[in-house]
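**Q** The sequence isn't on hand, but the structure is:
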């Protein structure tokens, strides 16, 4: 059986969080006359987290939260023209090109000969599919899974569906909460490659610290050497 | 091999379009002082269609289009408080319960013994998963597929993935464009059950009229009798 290496997409294979950070800066600039940058950042974060259960992830959700946050931050004094500009910030994000992380393409090319590669990403279905297309990386993956949330059960279901044993599965990602801990939970292995900007919500709560081991690499380019020396059970 | 009957979800198993229609009426009421109901409806439809390629389907997309449409319809005179109300209309839609179409549950129960049932729906991943959960119907389906668009290639991929021959596949839905024509295209069969409100965009363009035959029923309750007399190749 060929071992499977699965990759997270956003901020593992291509830059994503930096687009949200840039949009946040544009919102701060727009609300410059009303509130301080710190107040804008804090309120936007609060509105986002509050809306997550009904909106889910993605740029459209973020745009709606920017509008709601801006109305609240300005006590309703924001103009329709300014709200139109926030819609424009979101539409720009949706049309933006995909910028690959360093060595993403080379790493996939090096692994594709010896491993079955999989992409496991969460978020808005349309937005993720568009990014996968624009990335030019789709051809490397045997399976592409877009899931609603990366729980242990969700990973277990993917392994079951494709008949993969946990010892034959390695997940690579930048989020301890989404890519690493739930995978250890189902007794498979994981490689953590931290990203420069990691959204606060993606950090695991202190009490979820996990006893099992995972690998940590500085960048994707180190992955083929690690994969080659792992024992696949 | 057990034949497969696949169902569209929105406006086939549960009411959906009527929620959008009701939200549209709320927007008309909100913009009452600015524009006629007809103007609101027309502009909203135009903005929706224009945004479809970047926003995709779903309530969040619709909410963003309502806001954009309202700003344009009022020439920027709409207040932030009124825009906050539009965000509220969208959030209400997202929290709304699922109302099943008449006989949906009974029909699935009647078919489940003799057929493999599948759900094939398009749209926002989170919104669709929430509706499937709230519907209470998930247990009837062997497979649930949420796809970005219902093209012939998308249906072919689903059949290939599950090793289903076209002669063993029947698709049931309310949209000629999404549920019927692409399925005939791949030489499988389809049952068309028109819904009272069908969104203009879901009607196929005249020139796509298709030579092959499909079945048309008045309601879901007629499906078990049809399925029982079909020959499965």
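**A** The structure has been received and is ready for your questions. Everything numeric here is computed off the predicted structure, so don't read it as measured data.
**Q** quick one, strands of chain A?
**A** Using DSSP state E, the strands of chain A run over A:4-7, A:116-122, A:143-147, A:169-173, A:189-192, A:215-216.
**Q** For the second one, name the packing helices and strands.
**A** Using 3 or more Cβ pairs under 8 Å, 6 or more residues apart in numbering or on different chains; DSSP states H and E, the elements in contact with strand A:116-122 are strand A:4-7, helix A:125-135, strand A:143-147, helix A:152-161. No exception for glycine: its C-beta is placed from N, CA and C like everyone else's.
**Q** ok, residue A:4 - contacts?
**A** Taking Cβ atoms under 8 Å, 6 or more residues apart in numbering or on different chains, we find residue A:4 in contact with A:115, A:116, A:117, A:118, A:162, A:164, A:168, A:169, A:170.
**Q** tell me the most buried of the helices and strands packed on strand A:116-122?
**A** strand A:4-7 (a mean of 25; mean count of other Cβ atoms under 10 Å in any protein chain shown).
**Q** what's the average pLDDT for it?
**A** Confidence for strand A:4-7, expressed as mean pLDDT, is 97.
**Q** Relative to that strand, what are the paired strands and their orientations?
**A** strand A:116-122 (parallel), strand A:169-173 (parallel) (DSSP bridges).
**Q** For chain A, what lies in contact range of chain B?
**A** Chain A has residues A:54-57, A:60-61, A:63-64, A:67-68, A:71, A:74, A:76-81, A:83-84, A:87, A:90-91, A:94-95, A:123-127, A:129, A:146, A:148 near chain B, with proximity defined as Cβ under 8 Å from any Cβ of the partner chain.
**Q** Spatially nearest residue to residue A:90, not counting backbone neighbours?
**A** In this structure, residue A:90 finds its nearest non-sequential neighbour in residue A:63, 3.1 Å apart by Cβ to Cβ, 6 or more residues apart in numbering or on different chains.
**Q** measure the one you found to residue B:54 for me?
**A** Plainly put, residue A:63 is 11 Å away from residue B:54 if you go by Cβ to Cβ, to the nearest Å.
**Q** Please say which of those two ends up with more neighbours.
**A** residue A:63 (25 against 18; other Cβ atoms under 10 Å in any protein chain shown).
**Q** distance of that one from residue A:44?
**A** Residue A:63 is 11 Å from residue A:44, by Cβ to Cβ.
**Q** Also residue A:190?
**A** Taken as Cβ to Cβ, the span from residue A:190 to residue A:44 is 31 Å.
**Q** about what we covered before: can you redo the contacts of residue A:4 as TSV with distance to residue A:133?
**A** Shown next, in TSV, are these (distance: Cβ to Cβ, whole Å):
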residue	distance to residue A:133
A:115	23
A:116	21
A:117	17
A:118	17
A:162	23
A:164	25
A:168	29
A:169	26
A:170	25
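**Q** from those residues, which single one is nearest chain B?
**A** residue A:162 (10.9 Å; Cβ to the nearest Cβ).
**Q** residue ranges for the helices of chain A, please.
**A** A:17-30, A:37-55, A:59-73, A:80-95, A:104-112, A:125-135, A:152-161, A:181-185, A:223-229 (DSSP state H).
**Q** So which of those has the densest surroundings on average?
**A** It is helix A:59-73: most buried of the helices of chain A by mean count of other Cβ under 10 Å, with a mean of 23.
**Q** relative to helix A:17-30, how tilted is that one?
**A** 30 degrees (axes from the mean of the first three to the mean of the last three Cα atoms, to 10 degrees).
**Q** residues near residue A:78, how many?
**A** 22.
**Q** repeat for residue A:14
**A** 19.
**Q** what's the spacing between it and residue A:231?
**A** 30 Å.
**Q** Next: residue A:186.
**A** Counting by Cβ to Cβ, the gap from residue A:186 to residue A:231 is 18 Å.
**Q** for residue A:150, same thing?
**A** Residue A:150 is 25 Å from residue A:231, by Cβ to Cβ.
**Q** ditto for residue A:116
**A** Relative to residue A:231, and taking Cβ to Cβ, residue A:116 is found at 17 Å.
**Q** so where's chain A shaky on pLDDT?
**A** A:197-212 (pLDDT under 70).
**Q** Let me know the outermost residue of it.
**A** residue A:77 (34.0 Å; Cα atoms, centre = their mean).
**Q** was I right about that residue contacting residue A:34?
**A** Yes. With contact defined as Cβ atoms under 8 Å, residue A:77 counts as touching residue A:34 (7.0 Å).
**Q** I'd assumed residue A:85 was in contact with the residue nearest to residue A:90.
**A** No. Using Cβ under 8 Å as the test, residue A:63 is too far from residue A:85 to be in contact (11.3 Å).
**Q** which one of the contacts of residue A:4 is nearest residue A:139?
**A** residue A:117 (10.0 Å; Cβ to Cβ).
**Q** Now do the contacts for the closest one.
**A** Per Cβ under 8 Å, 6+ apart, neighbours of residue A:117: A:4, A:5, A:6, A:7, A:108, A:111, A:140, A:141, A:142.
**Q** again with residue A:173
**A** Applying Cβ under 8 Å, 6+ apart, the residues near residue A:173 are A:7, A:8, A:12, A:179, A:180, A:190, A:191, A:192, A:193.
**Q** Equivalent analysis for residue A:63, please.
**A** Residue A:63 neighbours (Cβ under 8 Å, 6+ apart): A:86, A:87, A:89, A:90, A:93, B:64.
**Q** okay if I get the residues you listed as CSV plus distance to residue A:213?
**A** Formatted as CSV, those follow (distance: Cβ to Cβ, whole Å):
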residue, distance to residue A:213
A:86, 44
A:87, 46
A:89, 41
A:90, 40
A:93, 37
B:64, 44
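**Q** tell me which of the residues you listed is nearest to residue A:18?
**A** Looking across the contacts of residue A:63 and measuring by Cβ to Cβ, the closest to residue A:18 is residue A:93, at 11.0 Å.
**Q** I figured the closest one hits residue A:17, correct?
**A** No. Taking Cβ under 8 Å as the definition, residue A:93 is not a contact partner of residue A:17, at 11.8 Å.
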